[in-house]
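S.K.: what's the 3D shape of this:
(one chain, ligands or ions: 1)
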Amino acid sequence: MNVRKYITDKVKEIKDTVGAETAVSALSGGVDSSACTMLAARALGPQLKVIFIDDGLMRQGEPEEVRSVFGKLGVAVEIVDARREFFKALKRKADPEKKRKAFREKFYKVFGREVRRSGARFLVQGTIKADIIETRGGVKTQHNILEQIGIDPEKGFGFRVIEPLKDLFKPEVRLVARALGLPARIFGRMPFPGPGLACRVVGAVTPERVEIVRRATVLVEAEFARLKPFQAFAVLLTDRGTGIVSGSRRFGDIIVVRSVDSRDAMTARPTRVPWPVLERLAKRITDELPGVTRVCYELTPKPPATIEYV
Ligand code: XMP
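M.R.: Numbers count the residues shown, from 1 in each chain. Model prediction:
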């Protein structure tokens with residue numbers, strides 16, 4: 001792949017499409033939306049408004065970090081606090097596809113509102129090839145594949161969607177991100193799903209349950225960093241298991257640790273983790289999150305399992 005040419009072509013394409021209008025970019029801090037935002041910023045300069053929707057389902061410290069990284073690159077990021085709205089939309093939804101649908105609808109509603117407020121006619125989004133293939137194949141519905149699933153973004157939400165990365169797989173997106181000047185902690189970052197930690201909370205998605213996964217994820221990422229997995233994270237189950245906490249029995253939460261090696265997320269196999277790493281991680285999770293009494297390590301490849309739980 002000729003990365004320079006790709007960037008030049010896409011910058012021109014975005015410029016031509018948007019013309020004298022303005023566009024909004026949906027930045028999440030992941031490599032896809034970061035690369036896509038930088039492409040659009042190059043193409044449009046001040047005609048681009050960058051919005052980060054804080055849905056309450058992000059990793060620890062994410063909104064502040066994203067603002068700081070992009071600020072250093074001269075791109076201003078507006079953070080929209082929509083946490084309450086998202087939790088309300090997800091309330092009492094346990095079925096995975098219902099959760100994804102609720103997330104998707106809320107995302108476009110909040111975004112549509114922000115885009116209308118800004119007067120922009122275009123939404124730039126970091127959809128990549130794997131998202132499109134999997135949605136078409138019926139593996140799942142991704143939140144950012146409106147046209148593929150038959151929703152007209154203009155009719156439904158009042159704006160047109162531009163997806164400059166839709167011909168690329170993840171490794172190519174990383175090359176583009178690097179060439180655009182993004183730092184290693186963005187271009188080398190693990191994929192993170194659009195619906196965020198809601199994909200890793202089985203059952204009810206409440207702020208409290210999301211916080212358990214968020215804190216456990218910090219520990220998983222720290223302990224597994226040396227292994228350089230494609231993705232590593234924590235999942236909260238609805239099942240429980242008995243443990244002993246401060247000398248008394250507690251029917252506590254179960255955390256599953258999921259770590260996979262993969263090239264493009266289409267297939268994946270569990271990371272071979274040295275036993276002492278797993279033991280230390282389990283100890284840290286139960287020590288630092290007293291509500292958690294059990295920690296498991298997931299051994300299923302994709303297929304048959306997907307990478308995320310929801
Ligand atoms: P699964 O769980 O289907 O995930 O094996 C494959 C890859 O896609 C990520 N993923 C998503 N990315 N929006 C995204 O942008 C989504 O709705 C979404 N769901 C899953 C997942 O983290 C993995 O890398």
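
S.K.: how would you label residue 290: helix, strand or coil?
M.R.: State at residue 290, reduced to three classes by DSSP: H, G, I helix; E, B strand; the rest coil: coil.

S.K.: Can you report how many residues lie near the closest residue to it other than its chain neighbours?
M.R.: Nearest residue to residue 290 in three dimensions, chain neighbours excluded: residue 245, at 5.6 Å (CB to CB, 6 or more residues apart in numbering). Where C-beta positions appear, they are placed from N, C-alpha and C, glycine not excepted. Counted with other CB atoms under 10 Å, residues neighbouring residue 245 total 13.

S.K.: need the contact list for residue 245.
M.R.: 252, 290, 293 (CB atoms under 8 Å, 6 or more residues apart in numbering).

S.K.: would you turn the residues you listed into TSV with pLDDT, neighbour count and distance to residue 50?
M.R.: As requested, those are exported to TSV (pLDDT from 0 to 100; neighbours: other CB atoms under 10 Å; distance: CB to CB, whole Å):
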residue	pLDDT	neighbour count	distance to residue 50
252	98	19	41
290	90	13	39
293	98	20	42
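
S.K.: near the ligand too, which of the residues you listed?
M.R.: Applying CB under 6 Å from any ligand atom, the subset of those adjacent to the ligand is empty.

S.K.: okay, how far is it across stretch 12-26, tip to tip?
M.R.: Its start and end residues considered, stretch 12-26 measures 20 Å (CA to CA, to the nearest Å).

S.K.: follow-up on the earlier one: partners of the residue nearest to residue 290 in the sheet?
M.R.: residue 248 (DSSP bridges).

S.K.: quick one on the thing from earlier: out of the contacts of residue 245, flag the one nearest to residue 219.
M.R.: Nearest to residue 219 among the contacts of residue 245: residue 290, at 13.6 Å, using CB to CB.

S.K.: how far away is that closest one from the ligand?
M.R.: 28 Å (CB to the nearest ligand atom, to the nearest Å).

S.K.: ok, now residue 280?
M.R.: Counting by CB to the nearest ligand atom, the gap from residue 280 to the ligand is 25 Å.

S.K.: pLDDT wise, what is that residue at?
M.R.: At residue 280, the model reports a pLDDT of 98.

S.K.: can you list the contacts of residue 245 in JSON lines and add distance to residue 119?
M.R.: Output for those, formatted as JSON lines (distance: CB to CB, whole Å):
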{"residue": "252", "distance to residue 119": "50"}
{"residue": "290", "distance to residue 119": "49"}
{"residue": "293", "distance to residue 119": "52"}
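
S.K.: who in the stretch 151-300 of the chain is up against the ligand?
M.R.: Residues of the stretch 151-300 of the chain lying near the ligand (CB under 6 Å from any ligand atom): 191, 193-195, 199, 231, 265.
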